[in-house]
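[1] Return atomic coordinates for the entry below.
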Amino acid sequence: MVACLALVTVPAVVSAQRYPGGLVDKSIAVVGNEMITLSDIESEVTMARAQGQSSDRNMRCELLESVMTNKLFLMQARLDSLEVNADVVESELSNRLDQIRTSLGGDDKVEEYFGKSIYRLRLEWREQFQDQSLMQQEKQQIAGKVPEITPYDVREYLDTVSVDDLPIVPIKYQLSHICLYPDREAANLAVKERLLSLRERIINGERFATLARLYSEDPGSARRGGELGMASKSIFWPAFSDAAMSLKPGIISQIVETPDGFHLIEVLEKSGDMFNARHILLKPKYTDEDREKAFKTLDSLRTEIQAKAITFELAARFYSEDLPTKTNGGQMADPYTGSSYYEIDQMKPQDYIAIQDLKEGEISEPVESLDNEGRSGNTIYKIIRVDKIIPAHPATYENDFTQLADQVREERENREIDKFLEEKIKSTYVVIDPLFADCDFSRSGWSEKIRKD
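    Purely as a prediction, here's the structure:
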């Protein structure tokens, strides 16, 4: 309390001053020994707009409450002598710069939009991310006071909450598949030959932009003559960025392969680690013969499995060309979570359409789908067996203990953080300018701190 009492002499509103653009800046809140100015909030509004959000008075109220709340965490982090995670800060700073540069179209546009140099923005944003690092660690430290959740805690939670308030576990599927690939080598060779032909036409005088509009399979850029806009190299596949950064303006690249397909690239402009380029994207096309051959084989396997001439697991080991699943009898697993159960939104649309009307143990007709490679995947042909279906249901102790334990922990962590904030708001010197008197703050304690004129 001594530190708080010593701060009573801090004025709630400092003398107003003007900053670029003619707006009068002023202190709109004091939290402990931290001052929050109108320009702080307007900077957050500007950032939100740059990221595509709309702004209104409610946004400013929410931003002020968020900033004040963060100040409380930051003050406690400093009292606890927490240290900034420098690696995370630099990574997040780079990501923000890349996103903003790409969104606005380069360093010059960023400086024009924010009215500050890139150097100045780096300093300000680095400081913000340093503060965020400390605040996040403080939140984790507060939440860490919650002891390990036990089976008794989960049962107690189930005894005190109504069924209507229990988390709903969505329908889940356990699946196995047998996969065949088309002739990728022939398809890749065909698309490369097409690109070489287009490259020769460009070198002989035809316009890159015209051919991009006619032939590129990237719909977003094709209508702009293949132009991607000024963007950071980090947002592209490494092979694409490396090729573009090595080109001089006006030079046409050799064929570049990425998980999206095959590209020709022409760089229009480079600035630091950013570039604006045109590209023509072509993707391998597989023949009807590929599809018919694969479907015939898969249909025969399906018939033999249904006739019990061979088990699905044995057929997968002998015939499936999907290496990650063939060794375990074709059983599929989510590549991101490792779980053998899929929710609907975790499946590829083609897979779900194939199995949505099947019962446990039934096998789909042959279907054309995608594998798990790259952003857009590669064509693959498969049959899918539904091994198990867990219907949607309120979480139960027997089947969903982990999810319930997570729910209990989250609620207790939130209560711990709420308790910390309520106590801090009461014990910390806080004054809020009457300009924000009409704000509907989520924590009533803030409203009690509004200065009375």
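
[2] Could you confirm Leu358 falls within a helix?
    No. Assessed by DSSP: H, G, I helix; E, B strand; the rest coil, Leu358 does not belong to a helix; its assignment is coil.

[3] and it, what is it in contact with?
    364, 386 (C-beta atoms under 8 Å, 6 or more residues apart in numbering). For the C-beta atoms, the positions are set from N, CA and C on the backbone; glycine is no exception.

[4] And it, how far from Ile41?
    From Leu358 across to Ile41, the span is 55 Å (C-beta to C-beta, to the nearest Å).

[5] same check, this time on Ile255
    50 Å.

[6] So which of those two has more stuff around it?
    The neighbour comparison of Ile255 against Ile41 (other C-beta atoms under 10 Å) goes to Ile41, with 20 against 16.

[7] what about the more buried one, helix or strand, and which?
    Per DSSP states H and E, Ile41 falls inside helix 38-50.

[8] helices and strands around that helix, which ones?
    Contact here means 3 or more C-beta pairs under 8 Å, 6 or more residues apart in numbering; DSSP states H and E; on that basis helix 38-50 packs against strand 24-25, strand 27-31, helix 57-79, helix 86-104, helix 107-114.

[9] redo that, cut-off 10 Å
    strand 24-25, strand 27-31, helix 57-79, helix 86-104, helix 107-114, helix 118-143 (3 or more C-beta pairs under 10 Å, 6 or more residues apart in numbering; DSSP states H and E).

[10] For the residue nearest to Leu198 when sequence neighbours are not counted, the count of nearby residues, please.
    What sits nearest to Leu198 in space, not counting adjacent residues and going by C-beta to C-beta, 6 or more residues apart in numbering, is Leu211, at 5.5 Å. The number of residues packed near Leu211 is 19, by other C-beta under 10 Å.

[11] Just say helix, strand or coil for Leu211.
    Using three-state DSSP, the structure places Leu211 in helix.

[12] surely it meets Arg199?
    Yes. The pair formed by Leu211 and Arg199 meets the contact definition of C-beta atoms under 10 Å, at 9.4 Å.

[13] so what sits against both of those two?
    Common contact partners of Leu211 and Arg199 (C-beta atoms under 10 Å, 6 or more residues apart in numbering): 264, 280.

[14] For Glu127, list the residues it contacts.
    By C-beta under 10 Å, 6+ apart, the residues touching Glu127 are Val89.

[15] now do Gln306
    Shown in contact with Gln306 (C-beta under 10 Å, 6+ apart): 312, 362-363.

[16] pLDDT score assigned to it?
    Turning to Gln306, the model gives it a pLDDT of 96.

[17] could we number from 775 for the rest of this?
    New numbering, starting at 775: the last item is Gln1080.

[18] Please report how far it lies from Met821.
    Gln1080 is 59 Å from Met821, by C-beta to C-beta.

[19] Kindly report the same for Thr1077.
    60 Å.

[20] Tell me which of those two has more neighbours.
    More neighbours surround Met821 than the other of Thr1077 and Met821, with 16 against 11 (other C-beta under 10 Å).

[21] Tell me the pLDDT of the more buried one.
    On the pLDDT scale, Met821 is placed at 79.

[22] isn't it right next to Lys890, touching?
    No. Taking contacts as C-beta under 10 Å, Met821 lies outside contact range of Lys890: 12.0 Å.

[23] where do the helices sit along the stretch 925-1074 of the chain?
    For the stretch 925-1074 of the chain, applying DSSP state H, counting those that start in this stretch gives helices covering 925-934, 958-977, 982-989, 993-996, 1012-1020, 1062-1080.

[24] make that the stretch 1075-1224 of the chain, sorry
    Ranges of helices in the stretch 1075-1224 of the chain, per DSSP H, counting those that start in this stretch, are 1086-1093, 1097-1100, 1123-1129, 1175-1201, 1218-1221.

[25] I'd like to know which of the ones you listed lies nearest to Glu980.
    helix 1123-1129 (37.0 Å; C-beta to C-beta).

[26] Now do the closest one, average pLDDT.
    Rounded mean pLDDT across helix 1123-1129 is 95.

[27] buried ones in it?
    By neighbour count on 16 or more other C-beta atoms under 10 Å, the buried set for helix 1123-1129 is 1125-1126, 1128-1129.

[28] tell me which of those is nearest to Thr1202?
    Tyr1126 (51.9 Å).

[29] isn't the closest one right up against Val1160?
    No. Tyr1126 is beyond contact range of Val1160, at 11.1 Å (criterion: C-beta under 10 Å).

[30] overlap in contacts of those two?
    Shared contacts of Tyr1126 and Val1160, defined by C-beta under 10 Å, 6+ apart, comprise 947, 949.

[31] all strands of the stretch 1025-1174 of the chain, in order?
    With strands called from DSSP state E, counting those that start in this stretch, the stretch 1025-1174 of the chain shows them at 1030-1032, 1035-1045, 1048-1056, 1115-1117, 1141-1144, 1153-1164, 1167-1168.

[32] if we compare those strands, which one ends up closest to Ile942?
    Closest to Ile942 of the strands of the stretch 1025-1174 of the chain is strand 1167-1168 (C-beta to C-beta; 6.0 Å).

[33] for that closest one, packing partners?
    With 3+ C-beta pairs under 10 Å, 6+ apart as the test, strand 1167-1168 has strand 942-943 packed against it.

[34] Which elements pack onto the strand it packs on?
    strand 1167-1168.

[35] who are the neighbours in contact with Asn832?
    Residues near Asn832 by C-beta under 10 Å, 6+ apart: 1213-1214.

[36] Show me how this protein divides into domains.
    Following automatic domain parsing, one finds the domains of the chain at 776-921+1183-1221, 946-957+1060-1168, 959-1056.

[37] mean pLDDT lowest for which of those domains?
    Note on the domains of the chain: lowest mean pLDDT is at domain 776-921+1183-1221, with a mean of 83.
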